[in-house]
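# Need coordinates for the following:
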Amino acid sequence: MSSSSSSSMKSDTTVDRRAQIQTLLNEQGVVNSQELAERFEVSLMTIYRDLDYLQEQGVAKRQHGGAVSADRFISPLKRSMRESQNVNAKRIIGRWAAANLINTIDDSLVIDSGTTTLEFVRALPDASINVMVNSLDALSVLAAHKNTNVYALGGELRKDVMAFEGAITTDNLRQCHFSKAFISADGIDIEAGLTTTNEQRARLTRLMAEHAQEVYLLADCSKYGKRSFRTFFHFDRITAIISESGVPELYKQHFRQHDIRLIEVNDNDQDKK
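Numbering: from 1, shown residues only. A predicted model of the protein is given here:
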């Protein structure tokens, strides 16, 4: 939460408090019960009643430790719109990952077709490493590299995302092995795990992770508290999650409890490990 979220703010009425909680849900997608109790200077039981009420109104959905916005489901129709959203955060994440997670001597990478991973591709050094992608946009960027060994996963072209997916793509991928996989997700949810809007993409991303020694999730903060059609795997398969600063505290707590490495970066962290 932002710094304003951590300060106490006692509301005068139940209606006012619930309206403020709804505003937080709309802005953040997720709220933490304990933080709300401290913010509004009320008991946890009061917050539980507030969240139950908001769930009855169709505004929230209760989950362990808090609640998420009921409007958190991501459909394929909305996906194309997100390409122009949170561009700066995606660029920060991509640049940090390219500067800090790549061994320019002997890495072998596989990269999925997300918008944040595309920013990562744009920031990759032109080094003598192996890079395999399924995105036409990523191929276009890597075509300018003189030293990088670039490989494309062929198969069926999904024109809505301009990426190869399907049976031929997965068959090609099964023959390859990588030191690192860089993946993205349409939604990150404590209960559902990492989700995407398409079954074929879910199968391909899961296979990328299975064929890599390390798996890095690149995800901006708008993905937290959201879920989509298909879970491709849960957090225990991830080596680390890289996000910009501002990951909801509920998720930070979950990651700490389950020993999941979270790296929050900002503009000043581009050359820091």
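# When you work out contacts or count neighbours from here on, use the C-alpha atoms and nothing else.
Noted.
# For Arg201, which non-adjacent residue is spatially closest?
Take Arg201 and drop its neighbours on the chain: the residue closest to it by C-alpha to C-alpha, 6 or more residues apart in numbering is Glu165, 6.6 Å away.
# Contact partners for the one you found?
Listed by C-alpha atoms under 8 Å, 6 or more residues apart in numbering, the contact set of Glu165 reads 134, 154-158, 200-201, 204.
# Same question for Asp52.
Counted by C-alpha under 8 Å, 6+ apart, Asp52 has contacts Arg62.
# Need phi/psi at it.
Phi and psi for Asp52, reported as degrees, to the nearest 10, are phi -60, psi -40.
# And Val110, by the same measure?
Backbone geometry at Val110, expressed as degrees, to the nearest 10, gives phi -130, psi 140.
# For it, report the pLDDT, please.
With respect to pLDDT, Val110 scores 97.
# Then Met162?
Reported pLDDT for Met162: 81.
# these two touch, right, it and Ala138?
No. With contact defined as C-alpha atoms under 8 Å, Met162 does not reach Ala138; the gap is 9.9 Å.
# Which one of the two is surrounded by more residues?
Using other C-alpha atoms under 10 Å, the more surrounded residue of Met162 and Ala138 is Ala138, with 25 against 15.
# Name the helix or strand of this protein that has the lowest mean pLDDT.
helix 3-6 (a mean of 40; mean pLDDT, DSSP states H and E).
# Which SSE is immediately downstream of that one?
Downstream of helix 3-6, the first helix or strand assigned by DSSP states H and E is helix 14-28.
# so where do the strands sit in the stretch 151-273 of the chain?
Applying DSSP state E, counting those that start in this stretch to the stretch 151-273 of the chain gives strands spanning 156-158, 163-165, 178-183, 187-189, 193-196, 212-218, 230-233, 240-244, 262-265.
# Sort out which residues of stretch 193-212 are buried, please.
Of the residues in stretch 193-212, 193-198, 200-212 count as buried by neighbour count, 16 or more other C-alpha atoms under 10 Å.
# Please apply the same query to stretch 178-196.
Buried, per 16+ other C-alpha under 10 Å, within stretch 178-196: 178-190, 192-196.
# Ok, stretch 160-172 next?
163-166, 169-170.
# so who does the residue nearest to the spatial centre of the chain touch?
In the chain, the centroid-proximal residue (C-alpha atoms, centre = their mean) is Ala219; its distance is 3.0 Å. Shown in contact with Ala219 (C-alpha under 8 Å, 6+ apart): 90, 93, 116, 184-185, 241-243.
# rerun at 7 Å
For Ala219, the contact set (C-alpha atoms under 7 Å, 6 or more residues apart in numbering) comprises 116, 184-185, 242-243.
# neighbours around Ala127, how many?
Residues near Ala127, counting by other C-alpha under 10 Å, number 17.
# in this protein, which spans are helices?
Counting by DSSP state H, residue ranges of the helices within the chain are 3-6, 14-28, 33-40, 44-56, 76-79, 87-100, 115-123, 136-142, 167-173, 199-210, 249-257.
# need the ones you listed in CSV with distance to Arg230, can you?
Shown next, in CSV, are these (distance: least, C-alpha to C-alpha, whole Å):
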stretch, distance to Arg230
helix 3-6, 32
helix 14-28, 22
helix 33-40, 27
helix 44-56, 23
helix 76-79, 11
helix 87-100, 23
helix 115-123, 18
helix 136-142, 23
helix 167-173, 17
helix 199-210, 6
helix 249-257, 20
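# Just to check, Arg18 is in contact with Arg49?
No. Using C-alpha atoms under 7 Å, Arg18 is not in contact with Arg49, being 9.8 Å away.
# Can you tell me how far the nearest residue to Ala143 once chain neighbours are set aside is from Arg95?
Excluding the flanking residues, the one nearest Ala143 by C-alpha to C-alpha, 6+ apart is Val150, at 7.7 Å. Look at Val150 and Arg95: by C-alpha to C-alpha, to the nearest Å, they are 19 Å apart.
# cool, and Ser43?
Ser43 is 43 Å from Arg95, by C-alpha to C-alpha.
# And the two? Which one has more around it.
Of the pair Ser43 and Arg95, Arg95 is the one with more neighbours under other C-alpha under 10 Å, namely 24 against 13.
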